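1. Quick one, what's the 3D model for this:
(chains A and B)
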Number of protein chains: 2
Amino acid sequence: MTGVRVAGVGLTEFGDHPSRTGRDMFAEAAAAALGDAGVDHDAVEQLNYGNFMGALAERQGHQAPLAAEAAGLRCPATRYEEACASAGVAVREAVRAIRSGETDVALAGGMERMNNLSTSRVTESLAIAADELFEVRAGVTFPGAYALMARAYFEQFGGDETDLAHVAVKNHEHALDNEYAQYQRSITVEEALDSPVVASPLNLYDACPITDGASAVVLVSESYARDHDVTAPVAITGTGQGSDRAALQDRAVIPETPAAADAADAAYDDAGVEPDDVDVAEVHDCFTIAEVLALEALDFYETGEAVDAARRGETTSDGDLPVNLSGGLKAKGHPVGATGGSQIAEMTRLLRGDHPNSDAVSDADIGVTHNAGGTVASAVVHVLEVAK
Amino acid sequence: MTGVRVAGVGLTEFGDHPSRTGRDMFAEAAAAALGDAGVDHDAVEQLNYGNFMGALAERQGHQAPLAAEAAGLRCPATRYEEACASAGVAVREAVRAIRSGETDVALAGGMERMNNLSTSRVTESLAIAADELFEVRAGVTFPGAYALMARAYFEQFGGDETDLAHVAVKNHEHALDNEYAQYQRSITVEEALDSPVVASPLNLYDACPITDGASAVVLVSESYARDHDVTAPVAITGTGQGSDRAALQDRAVIPETPAAADAADAAYDDAGVEPDDVDVAEVHDCFTIAEVLALEALDFYETGEAVDAARRGETTSDGDLPVNLSGGLKAKGHPVGATGGSQIAEMTRLLRGDHPNSDAVSDADIGVTHNAGGTVASAVVHVLEVAK
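-> Residues are numbered from 1 along each chain as shown, chains lettered A, B, ... in the order given. Presented below is the predicted three-dimensional model:
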């Protein structure tokens, strides 16, 4: 089986870009990734593109050929939609295509445009990632659903709002020097706790913002990198995907995410690594409680034991396992269909040493990314390693 | 490289099912496919699911895990969206996953629910497959876009409305005995020509109907079929995909479809067959002119020479190359996100001899399917063969 390397990464600034079109943002990310890789447009054999709510936000479906055209590519182009894990799946399928030997060069990533809608329309649009029949009609939105998960977590395993506030504070701290981050400013635990209630026990600062942005990564086979003198020091060595029942009510346990656990098990097995081997992680913290659930699904912590990891300093930049050094969805931002690609881009920068926070993980060899859809009805996990 | 077999196929009746949910229809198709294959639910390793406009029709995104749950599967589930080629891409990626050796059993297909919207809302919703900025805002809908293609074809290559009417008459004739078809009734050339104008030169009978329905196929590796005594006499030996600029105005030539030609070249090359070897085809006749363009892209005819193929009787059930023996999108129906899977299901039934129209192709060894998105900004072509 051919190994897969990350040859280049590209991102737009994450933030509020209501006057930009989706295709324009994706073109910027793609051009940056190809430039970073030193790979020519003509070499790209397939585009794997993630987008979630384009039908509602831009009234634009069938975005893959448009994205290819905007990026100057002429190759088969496919859109993946897996709610907030759309780009994670797009990357995963590019990895699998390269491994199969059929493809040597793939561009993968995604785009989401959200701020052109009102906040209430965004909330409604995001809700289509939940079960329309059995959740949305009953009034469930994602802040509400994750609030249910947080409440169930506290009841079953303990922990409190202050534990979660530390997750937010940490991720804002990590984003301070990230030029792509939507929020490059610190917050305090007190500010987080005093921020307006969104859905108790979650406050405004427990939630990621509404973000426009795009991500792209150029993935190549090892043999292509070697034969074409492409500098690509980071390899994707493991990939895993999991699915679960969509509606929270249908799950055996509310504050656990077996789809992510399945994805993690598969990715670790694929890479031949153990959770203990991992040096750094980017996880899907759409809400602070989601980071806690991710750390447990990834087996960094036993079930019920990750809630105060940030508070104890274990996942901060000087902790044993820095988590979301990019700032995470919480502070870097969450352009839904782009996030999975952004995680790969950020992890690549961290591992190859050109991320503003690379100093925090200068000895790191192995990183993990965790991208989730809905209330983790879908999840994709990747293992990235500094190539030997 | 492992060969890929079609182990089972399943379809719902295509038609007007406003009281059924999408998940319910997909579950029916999946159960039928698994039953036909004699493959257990637990054996399925991945679900590749196509859907186009669920965000608008059911306000349901993130459909893949819901579809898996409804079908009783517990495995990674991914949604592909490529406008009307969504299920074609879903099948293609399942083929590639099996060939890679990573997957032995995949369920692929799709679902679309359309009749719960009004006709004008369906037309608006379908239009998101065109370029929103440069086509839709200028008033382009798909009947209009294909009318432009038909008009350009007539001007550049000749042909007329009567040629197209023969395509409609042929496909209605083919659907007469197809128990899954939306329309099991004959029409005459005169009726087609006298039907109301939709967008000149296209009349009502040049257009496919609005359809609810689902499709599913079980694909397995050759080794799995052998080791588990799965009867699977039809192989998918070739797959190809192409993309083009989305907006018609950006194309060099209006009445040609290079994305489909690219997909066909790739699929033929992949299978090691020539267009002349093909015995039977299912092509994407969303409008009658689309069948003409498909026959040329697939290299069954030179450019500009397919317009009167049906009129000359070459593509009828007793012609040299029967096309759309299922009834095609025109008479069988076109539940957008299901169509690519339906084509594979129908071709499999034709080649293994249990289709109502199998007698017309009792000596057939090689069939081709052609699935297109938008005005063929995307296309997927597959080659199916009776396994030796």
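2. Pretty sure A:Ala379 sits against A:Asp265.
-> No: contact criterion C-beta atoms under 8 Å: A:Ala379 and A:Asp265 do not qualify, at 11.0 Å. The C-beta positions use only the backbone N, C-alpha and C, and glycine is treated the same way.
3. Neighbour count: the two, which is higher?
-> A:Ala379 (35 against 18; other C-beta atoms under 10 Å in any protein chain shown).
4. Just list whatever residues bridge to the more buried one.
-> A:Gly242, A:Ala372 (DSSP bridges).
5. again, but for A:Val4
-> Beta bridges link A:Val4 to A:Ser221, A:Ile236 when assigned by DSSP bridges.
6. Tell me the spacing between it and chain B.
-> According to C-beta to the nearest C-beta, to the nearest Å, A:Val4 and chain B sit 12 Å apart.
7. and that residue, what is it in contact with?
-> By C-beta atoms under 8 Å, 6 or more residues apart in numbering or on different chains, the residues touching A:Val4 are A:95, A:98-99, A:219-222, A:235-237.
8. And the furthest pair within those residues?
-> A:Val220 and A:Thr237 (14.4 Å; C-beta to C-beta).
9. Between these two, tell me which one has more neighbours.
-> Comparing A:Val220 with A:Thr237 by other C-beta under 10 Å, the one with more neighbours is A:Val220, at 28 against 19.
10. Show me where the stretch 101-250 of chain A has its helices.
-> Using DSSP state H, counting those that start in this stretch, the helices of the stretch 101-250 of chain A run over residues A:119-126, A:142-157, A:161-175, A:189-194, A:222-227.
11. can you pull the alpha-carbon coordinates of the fourth one into CSV?
-> Taking C-alpha atoms only, helix A:189-194 is exported to CSV below (Å, rounded to 0.1, in the frame of the first residue of the first chain):
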residue,chain,number,x,y,z
VAL,A,189,-12.7,32.0,33.1
GLU,A,190,-14.8,34.7,34.7
GLU,A,191,-15.7,36.2,31.3
ALA,A,192,-16.7,32.8,30.0
LEU,A,193,-18.8,32.1,33.1
ASP,A,194,-20.5,35.5,32.9
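12. For B:Ala145, find the nearest of the helices of the stretch 101-250 of chain A.
-> From the helices of the stretch 101-250 of chain A, taking C-beta to C-beta, the stretch that ends up closest is helix A:119-126, at 26.8 Å.
13. A:Leu384 sits in which helix or strand?
-> In the assignment (DSSP states H and E), A:Leu384 maps to strand A:378-386.
14. Show the secondary-structure elements that that strand is packed against.
-> helix A:86-99, strand A:234-243, helix A:258-271, helix A:339-352, strand A:366-373 (3 or more C-beta pairs under 8 Å, 6 or more residues apart in numbering or on different chains; DSSP states H and E).
15. Turn these into TSV, columns for mean pLDDT.
-> Shown next, in TSV, are the helices and strands packed on strand A:378-386 (pLDDT from 0 to 100):
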stretch	mean pLDDT
helix A:86-99	98
strand A:234-243	98
helix A:258-271	98
helix A:339-352	98
strand A:366-373	98
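16. Now render these as JSON lines, adding distance to A:Asp308.
-> Listed next are the helices and strands packed on strand A:378-386 as JSON lines, based on distance: least, C-beta to C-beta, whole Å:
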{"stretch": "helix A:86-99", "distance to A:Asp308": "27"}
{"stretch": "strand A:234-243", "distance to A:Asp308": "26"}
{"stretch": "helix A:258-271", "distance to A:Asp308": "20"}
{"stretch": "helix A:339-352", "distance to A:Asp308": "24"}
{"stretch": "strand A:366-373", "distance to A:Asp308": "19"}
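17. can you count the residues close to the spatially closest residue to A:Pro76 that is not a sequence neighbour?
-> Leaving aside its chain neighbours, A:Pro76 sits nearest to B:Gln241 (3.8 Å; criterion: C-beta to C-beta, 6 or more residues apart in numbering or on different chains). B:Gln241 has 28 neighbouring residues, counting by other C-beta under 10 Å.
18. same deal with A:Leu47?
-> Neighbours of A:Leu47 using other C-beta under 10 Å come to 27.
19. ok, now A:Val122?
-> 18.
20. ok, it - contacts?
-> For A:Val122, the contacting residues are A:114-115, A:210, by C-beta under 8 Å, 6+ apart.
21. pLDDT value on it, please?
-> According to the prediction, A:Val122 has pLDDT 96.
22. rewinding a little: gap between the strand holding A:Leu384 and the chain center?
-> Centroid separation between strand A:378-386 and its chain, computed with C-alpha atoms, centre = their mean, to the nearest Å, is 10 Å.
23. Taking their axis directions, that strand and strand A:366-373 sit at what angle?
-> With axes from the mean of the first three to the mean of the last three C-alpha atoms, to 10 degrees defining the directions, strand A:378-386 sits at 160 degrees from strand A:366-373.
24. Look up how far chain B lies from the residue of chain A most remote from its centre.
-> Distance from the C-alpha centroid of chain A peaks at A:Asp227, with 31.0 Å (C-alpha atoms, centre = their mean). Shown here: A:Asp227 relative to chain B, a distance of 21 Å by C-beta to the nearest C-beta.
25. Spit out the contact partners of that residue.
-> Applying C-beta under 8 Å, 6+ apart, no residues qualify as near A:Asp227.
26. let's see it at 10 Å
-> Contacts for A:Asp227 (C-beta atoms under 10 Å, 6 or more residues apart in numbering or on different chains) come out as A:104, A:220-221.
27. Same list, these, but as TSV with distance to A:Phe154 please.
-> TSV is the format used below for these (distance: C-beta to C-beta, whole Å):
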residue	distance to A:Phe154
A:Asp104	49
A:Val220	45
A:Ser221	47
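28. Nearest to A:Gly50, out of these: which one, please.
-> The closest of these to A:Gly50 turns out to be A:Val220 (C-beta to C-beta; 19.3 Å).
29. out of everything not next to it in sequence, what's closest to the closest one?
-> Using C-beta to C-beta, 6+ apart, the nearest residue to A:Val220 is A:Ala7, at 4.6 Å.
30. what sits against that neighbour?
-> By C-beta under 10 Å, 6+ apart, the residues touching A:Ala7 are A:33-34, A:36-39, A:43, A:105-107, A:217-221, A:224-225, A:228, A:230-234, A:348.
31. chain center to the helix or strand of chain A with the lowest mean pLDDT, what's the gap?
-> In chain A, the helix or strand scored least confidently by mean pLDDT, DSSP states H and E is helix A:119-126, which has a mean of 95. The chain centroid and the centroid of helix A:119-126 are separated by 20 Å, computed with C-alpha atoms, centre = their mean.
32. returning to that earlier point: okay, and the common contacts of A:Ala379 and A:Asp265?
-> A:240, A:242, A:258, A:297-298.
33. now those residues as JSON lines including distance to B:Ala71 and neighbour count?
-> Shown next, in JSON lines, are those (distance: C-beta to C-beta, whole Å; neighbours: other C-beta atoms under 10 Å in any protein chain shown):
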{"residue": "A:Gly240", "distance to B:Ala71": "21", "neighbour count": "24"}
{"residue": "A:Gly242", "distance to B:Ala71": "16", "neighbour count": "29"}
{"residue": "A:Pro258", "distance to B:Ala71": "18", "neighbour count": "19"}
{"residue": "A:Ala297", "distance to B:Ala71": "24", "neighbour count": "29"}
{"residue": "A:Leu298", "distance to B:Ala71": "28", "neighbour count": "28"}
